[in-house]
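A.B. asks: mind looking at a prediction? Sequence and model below.
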Amino acid sequence: MPDDAIYLRLVSEWRVQELLGRDPSRVLGDCPPWLPCSTPESTPDPDRAPTIRTFASEEFETDVYAPLYIIGDNFVPGVTSVHIVGPTVDELPVIDAINRLRILVKRAYPAGTYQVTATNGTHVGNAATVAIH
């Protein structure tokens, strides 16, 4: 079962790279940023909608707790906003940290299922669902 251990380590490291705001496919792929074959990462574009791919918390588990990390692409510092709707919640939360690939919201939400949308001005991204435990 050594392959299972390697797979679990890769999954865990993939999540760590996401939480650090890095692109895991670049860092863990065939051509990481420190090799000469790499190309520079693109800068976020405020004239395009952001995309949400997944959610995480500081725990390296599948369950999501506070704080909430929104992981995706094209998040623009100072431009991107987030809308969270769920049980007794309909708000634009304070974004505590942001880079092109990650948004951190430190506010704790009650357990439940939430719809999360990110926007760059008038450019609305996909809605994503997160279950907070």
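C.D. replies: That came through fine.
A.B. asks: can you tell me what sits against whichever strand or helix holds residue 98?
C.D. replies: According to DSSP states H and E, residue 98 maps onto strand 97-99. Applying CB atoms under 8 Å, 6 or more residues apart in numbering, the external contacts of strand 97-99 come out as 21, 75, 76, 77, 80, 103, 104. Quick note: C-beta positions are derived from backbone N, CA and C, even for glycine.
A.B. asks: the most centrally placed residue in the chain and residue 35: what is the separation?
C.D. replies: Of all residues in the chain, the one closest to the mean position by CA atoms, centre = their mean is residue 71, 0.9 Å from it. Distance of residue 71 to residue 35, computed by CB to CB, to the nearest Å: 24 Å.
A.B. asks: also residue 107?
C.D. replies: The gap separating residue 107 from residue 35 is 39 Å, by CB to CB.
A.B. asks: more neighbours: which of the two?
C.D. replies: Taking other CB atoms under 10 Å, residue 107 and residue 35 do not tie; residue 107 has more neighbours (13 against 8).
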